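1. A predicted structure for the sequence below; I have some questions about it.
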Amino acid sequence: MKKFSKFEIAAIKRTAASVNKYVERKKKLLAQQDSINAELESISTMLNTWEEPIKQMTGGYTTEDLVTKHVITTDKSQAIKFELKYPETVVPCDDVDDVNFENHEVTDTEVPADKQIPTDVEWVNDPQYHATHKEFVDGSVVNND
C-alpha cells in the first residue's frame with residue numbers, strides 16, 4: 001500500500017472538502033434516479049397493458065403515434081380534445097384497395113424476388129407480366145369483378 005506524505009494528505013483533505021457538496025448532491029440524485037426509474041417502469045407497464053389492443057389493431061402503433069392532444073381553454077373552463085393524425089399517420093390496413101401506394105417504399109425484403117417488378121424495359125412487352133397483373137401494354141386494366 002502506498003504511504004502518503006503529509007502534503008499529499010493535506011491535498012486530499014482540501015479536495016474532499018471542496019467537492020463534498022457535489023458528492024452529496026450526486027448521492028441524492030442517484031437515490032432520486034432509482035425512485036424515478038421504478039416509477040417510470042411502473043407507468044410503462046400500465047401503458048403497455050392499456051395500449052396492447054391498440055398496438056394489435058394498428059400493427060404496433062401506440063396512441064402517442066396516432067393521436068394529437070389539444071387543450072381548449074375558454075374563459076370558464078378547459079377542455080381536452082384528442083384528434084386522430086390520420087392523414088399524417090400511416091396506419092396499416094388489411095384492405096389493399098384503401099392503401100395509398102404513392103408514399104410507400106418497397107424494399108427487397110418486403111417482396112420476394114420472383115414477385116418484383118422488373119426495372120428494365122423488357123417487362124413492357126412481357127405478356128406473362130401483364131397476364132399476371134391484369135393490365136395491357138397500353139396501360140388499361142382488366143376488371144374481372
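-> Noted; the coordinates are in hand. Residues are numbered from 1 along each chain as shown.
2. could you say what helices and strands the helix or strand containing residue 81 packs with?
-> Here residue 81, judged by DSSP states H and E, is contained in strand 78-84. Here strand 78-84 touches strand 67-73, going by 3 or more C-beta pairs under 8 Å, 6 or more residues apart in numbering; DSSP states H and E. C-betas here are computed from N, CA, C, even on glycine.
3. list the buried ones in the strand it packs on?
-> residue 67 (16 or more other C-beta atoms under 10 Å).
4. cool, stretch 50-63 as well?
-> 51, 58, 61.
5. Can you tell me the SS state at the last one?
-> Same thing as residue 61. Per DSSP: H, G, I helix; E, B strand; the rest coil, the local secondary structure of residue 61 is coil.
6. pLDDT averaged over the helix ranked longest in the chain - what is it?
-> As assigned by DSSP state H, the longest helix anywhere in the chain is helix 6-58. Averaging pLDDT along helix 6-58 gives 93.
7. Going by distance to residue 30, which of the buried residues of stretch 50-63 wins?
-> Distance to residue 30 across the buried residues of stretch 50-63 (C-beta to C-beta) is lowest for residue 51, with 30.9 Å.
8. Contact partners for the closest residue to that closest one other than its chain neighbours?
-> Once flanking residues are discounted, residue 51 sits nearest to residue 62: 5.1 Å by C-beta to C-beta, 6 or more residues apart in numbering. If you count contacts by C-beta atoms under 8 Å, 6 or more residues apart in numbering, residue 62 has them with 47, 51, 54-55.
9. can you redo those as TSV with distance to residue 66?
-> Shown next, in TSV, are the contacts of residue 62 (distance: C-beta to C-beta, whole Å):
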residue	distance to residue 66
47	14
51	10
54	8
55	10
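10. and which of those residues is nearest residue 67?
-> residue 54 (9.7 Å).
11. Would you mind giving me the confidence score for the nearest residue to the closest one once chain neighbours are set aside?
-> Leaving aside its sequence neighbours, residue 54 sits nearest to residue 63 (C-beta to C-beta, 6+ apart; 6.0 Å). Note on residue 63: pLDDT of 87.
12. Okay then, goodbye and thanks.
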